[in-house]
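A.B. asks: okay, here's the prediction I keep looking at, along with the sequence it came from:
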Amino acid sequence: MITFWHRLDRFLARLRPRREPLSLLIDSAIVAVAWNVTYLFRLGFERWVSARPDYDGWVLALIVALYALAFAGLRVPQAMWRFTGFGDIQRIAAACGLAGLLSAVIVLMAQLSAVPRAVLALHPLVVLGGLALVRLGYRALYEHGRARITGGSDEIRRAIVMGAGQAARRLLAGIHQQGWIVLGLLDDDPAKQGARIAGLPVLGPLAAIGDKAVRGAATHVIVALPAATPAQRRRALELAAPTGLPVLTVPTAAELRDGADDGRRAIDRVRDIEPEDLLGRAPVQLDEAGIGEVLRGRTVLITGAGGSIGSELCRQVARYAPARIVLYELSEFNLYTIEQELTEAFPAIALTRLIGDVKDLEHLRATFARWRPAVAFHAAAFKHVPLMEEDDNALAALRNNTLGTYHAALAAAEAGTERFVLISTDKAVNPTNVMGATKRAAEMVISAMAAEHPGTRFMAVRFGNVLGSSGSVIPKFKEQIAKGGPVTVTHPDIIRYFMTIPEAARLVLQAAAIGESGQVLVLDMGEPVKIVDLARDLIRLAGHTLEEIPIVFSGLRPGEKLYEELLADADDTVPTGVARLRIARLSGQAAQARMLGSLLDWTSGPEAWAQPQASRVRQRLESLVPEYTSRP
């Protein structure tokens with residue numbers, strides 16, 4: 001409900017862009033009123049008008065001008081009345097003392113003897129009292145109104161809403177109860193501009209957000225375009241970012257559709273801008289029926305089930321009503337977290353929770369033999385590039401990413417699993433680091449297993465960086481911004497392909513439905529994104545400037561490339577029935593089968609642990625993956 005206090009704050013907010021001239025005008029009026037009050041105090045009601053000289057009006061005009069100059073010189077109008085404190089009163093007192101002294105000197109030097117000396121002496125004190133009283137009264141009124149609007153001492157939040165459609169109407173219906181004041185709406189529809197929606201004016205098109213006069217006293221910008229395309233939302237965010245105001249958004253249509261709350265309540269819950277809002281790319285349209293046919297009523301096993309990709313795979317798989325999901329995870333905490341979430345959201349689906357390590361072949365064999373999954377998704381991996389580049393971790397990366405893939409794939413083949421999907425990465429293409437080379441070797445494992453075990457479809461899915469996943473750059477940026485900066489970027493020219501966690505998980509499910517054995521499926525991820533541009537966007541949309549939160553370049557880390565690729569030079573792709581999803585045909589697999597077997601034997605044997613030098617790991621990876629060049 002819009003109360004008197006909402007309307008009063010909105011009225012004052014419209015005046016706030018003209019705060020300084022209005023403050024000077026009001027202060028000048030108080031100077032004039034104080035002159036008359038001083039006469040009244042000195043001469044009484046009977047004589048305070050009649051006893052004045054004929055030139056008193058000119059004297060008053062001079063005094064008002066002197067006070068206005070003193071106020072302007074000491075920056076009195078720049079102060080915000082709602083924050084008036086002792087320092088502001090001191091500044092006002094200095095201005096009044098200076099102007100009063102000059103006024104008295106000029107009047108006396110001009111020998112205007114009819115002006116009472118007591119009036120000249122008392123007038124600065126009356127002016128000081130009047131100015132202080134008005135400011136403190138405004139502050140008291142503001143704080144009372146703030147308490148009535150927000151229910152406490154929180155600062156009032158004033159928003160300009162970008163969008164004037166049905167979503168904006170529903171937003172306005174409930175947002176006032178959360179302590180918001182909406183100053184106006186913006187919309188590109190010419191029919192809406194100049195109209196009033198829910199009592200609020202549509203101030204212009206979306207581009208008008210760049211006009212300071214339109215923004216007025218707004219403290220936030222809210223993008224209310226849930227039904228817009230990702231590109232349209234991206235444009236709105238780009239228009240809002242330069243304003244210097246924090247930018248929020250209502251949930252997208254997909255979020256409202258998938259959310260547990262009804263749309264009216266959910267759309268009131270404005271949220272921060274997430275990195276996926278900045279992609280501006282339409283999500284891939286999937287063959288939902290085909291995926292459902294593969295998963296519905298079946299047993300599905302997911303390794304690394306508690307990780308960023310693995311946990312989202314669990315959520316996406318659960319939507320297709322499998323009979324059972326076997327959660328295979330090394331981290332006890334991650335396993336508990338995803339199991340609790342799935343139990344609450346999908347109580348009808350049976351869950352098997354297993355603490356397990358993909359390097360433990362016998363445990364994997366026992367797991368697959370007991371539960372006989374029809375589909376297995378292999379998401380367990382070490383993926384942090386600089387961490388795996390350290391000498392003491394190179395062997396661990398090889399054992400977990402390559403040998404672990406072999407163990408999971410072998411156990412799946414022996415148990416008669418119909419489909420086995422490896423989660424791969426763009427860092428496996430022309431790798432320059434241990435992590436990428438071990439994932440490329442894992443893809444070779446899939447190719448070799450496809451040839452040896454025709455009863456199981458072995459395939460891999462390759463995609464770029466996943467927004468918001470553990471260890472990714474975005475959570476680090478957001479944490480640095482919250483701390484006040486600086487934001488660290490390794491190199492000004494570094495670029496990456498990005499996709500959201502749900503996008504990545506859906507791609508994996510689609511691969512399981514349409515992929516043939518031995519294939520690597522690749523998502524056409526559009527244009528790569530410069531990391532520094534992403535950092536700038538996040539800083540601006542948080543309401544900061546690059547001066548407030550600077551970007552610092554720290555230099556490329558060991559094994560890191562300026563750009564990533566989705567296909568190696570010797571690879572080529574063919575299209576699938578799913579738009580923007582292609583199949584990579586990989587070269588040279590047969591010739592490398594013997595070297596792969598030798599590497600797996602060495603990795604699983606005691607010799608590797610007896611001599612776990614990182615140089616040996618890199619040498620063996622270079623012999624297997626010819627496009628891999630280790631650091632010097």
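C.D. replies: Alright, I've got the coordinates.
A.B. asks: quick check: domain ranges of the chain?
C.D. replies: 4-150, 157-273, 288-465+498-523+570-624 (automatic domain parsing).
A.B. asks: most tightly packed of those domains?
C.D. replies: domain 288-465+498-523+570-624 (a mean of 20; mean count of other CB atoms under 10 Å). Quick note: C-beta positions are derived from backbone N, CA and C, even for glycine.
A.B. asks: just the endpoints, please. Distance across that one?
C.D. replies: 38 Å (CA to CA, to the nearest Å).
A.B. asks: for it, give the mean pLDDT please.
C.D. replies: On average, the pLDDT along domain 288-465+498-523+570-624 is 86.
A.B. asks: stretch 32-52 too?
C.D. replies: 79.
A.B. asks: so which residues make contact with that stretch?
C.D. replies: 60, 63-64, 114, 116, 118-119, 122-123, 126-127, 129-130 (CB atoms under 8 Å, 6 or more residues apart in numbering).
A.B. asks: could you rerun that using 6 Å?
C.D. replies: The contact list for stretch 32-52 (CB atoms under 6 Å, 6 or more residues apart in numbering) reads 60, 64, 116, 118-119, 122-123, 126-127, 130.
A.B. asks: need these in CSV (columns: distance to residue 296 and pLDDT).
C.D. replies: Output for the contacts of stretch 32-52, formatted as CSV (distance: CB to CB, whole Å; pLDDT from 0 to 100):
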residue, distance to residue 296, pLDDT
60, 88, 86
64, 83, 89
116, 97, 82
118, 95, 85
119, 93, 83
122, 90, 88
123, 87, 89
126, 84, 90
127, 81, 89
130, 78, 90
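A.B. asks: on that earlier part again, could the domains of the chain go into JSON lines alongside distance to residue 547?
C.D. replies: Shown next, in JSON lines, are the domains of the chain (distance: least, CB to CB, whole Å):
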{"stretch": "domain 4-150", "distance to residue 547": "20"}
{"stretch": "domain 157-273", "distance to residue 547": "11"}
{"stretch": "domain 288-465+498-523+570-624", "distance to residue 547": "27"}
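A.B. asks: from the contacts of stretch 32-52, which land in strands?
C.D. replies: Counting by DSSP state E, no part of these is found in strands.
A.B. asks: what residue is smack in the middle of the protein?
C.D. replies: The residue lying closest to the centre of the chain (CA atoms, centre = their mean) is residue 274, at 2.9 Å.
A.B. asks: quick check: that one vs residue 464, distance?
C.D. replies: 17 Å (CB to CB, to the nearest Å).
A.B. asks: again, but for residue 424
C.D. replies: 11 Å.
A.B. asks: do a quick rundown of the strands in the stretch 51-200 of the chain.
C.D. replies: Ranges of strands in the stretch 51-200 of the chain, per DSSP state E, counting those that start in this stretch, are 157-162, 180-186, 196-197, 200-204.
A.B. asks: mind listing what the third one pairs with, with the direction of each?
C.D. replies: Its sheet considered, strand 196-197 pairs with strand 200-204 (antiparallel) by DSSP bridges.
A.B. asks: contacts for the partner strand, please.
C.D. replies: 164, 182, 184-187, 192-193, 195, 214.
A.B. asks: residue boundaries of the strands in the stretch 401-550 of the chain?
C.D. replies: 419-425, 457-463, 465-467, 487-489, 495-496, 498-500, 519-523, 529-530.
A.B. asks: isn't residue 186 up against residue 162?
C.D. replies: Yes: when contacts are counted by CB atoms under 6 Å, residue 186 is listed as touching residue 162 (5.0 Å).
A.B. asks: what residues are shared contacts of these two?
C.D. replies: residue 206.
A.B. asks: before we move on, the earlier item: present the strands of the stretch 51-200 of the chain as JSON lines; the columns should include distance to residue 502.
C.D. replies: Putting the strands of the stretch 51-200 of the chain into JSON lines (distance: least, CB to CB, whole Å) gives the following:
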{"stretch": "strand 157-162", "distance to residue 502": "25"}
{"stretch": "strand 180-186", "distance to residue 502": "29"}
{"stretch": "strand 196-197", "distance to residue 502": "32"}
{"stretch": "strand 200-204", "distance to residue 502": "34"}
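A.B. asks: residue 231 is nearest to which of the ones you listed?
C.D. replies: strand 157-162 (14.9 Å; CB to CB).
A.B. asks: counting by contacts, list what the closest one packs against.
C.D. replies: strand 180-186, strand 220-223 (3 or more CB pairs under 6 Å, 6 or more residues apart in numbering; DSSP states H and E).
A.B. asks: could you check the angle the longest one makes with strand 200-204?
C.D. replies: Spelled out, that is strand 180-186. Angle, strand 180-186 to strand 200-204, by axes from the mean of the first three to the mean of the last three CA atoms, to 10 degrees: 40 degrees.
A.B. asks: so for strand 180-186, mean pLDDT?
C.D. replies: Mean predicted lDDT for strand 180-186 stands at 85.
A.B. asks: partners of it, with directions?
C.D. replies: Here, using DSSP bridges, strand 180-186 pairs with strand 157-162 (parallel), strand 200-204 (parallel).
A.B. asks: for those strands, could you give me CSV that also reports mean pLDDT?
C.D. replies: Converted to CSV, the strands paired with strand 180-186 look like this (pLDDT from 0 to 100):
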stretch, mean pLDDT
strand 157-162, 87
strand 200-204, 87
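A.B. asks: for residue 536, find the nearest of the ones you listed.
C.D. replies: Of those, nearest to residue 536 by CB to CB is strand 157-162, at 20.0 Å.
A.B. asks: could you list the residues in contact with the closest one?
C.D. replies: 13, 168, 180-186, 206, 215, 217-224, 236.
A.B. asks: mind redoing it with 7 Å?
C.D. replies: 13, 168, 171, 179-186, 206, 209, 215, 217-225, 236, 240 (CB atoms under 7 Å, 6 or more residues apart in numbering).
A.B. asks: ok, longest helix in this structure?
C.D. replies: Assignment by DSSP state H gives helix 117-150 as the longest helix of the chain.
A.B. asks: distance from it to the middle of the chain?
C.D. replies: Centre-to-centre, helix 117-150 and its host chain are 42 Å apart (CA atoms, centre = their mean, to the nearest Å).
A.B. asks: determine the set of other helices and strands touching that helix.
C.D. replies: helix 4-15, helix 19-47, helix 86-109 (3 or more CB pairs under 7 Å, 6 or more residues apart in numbering; DSSP states H and E).
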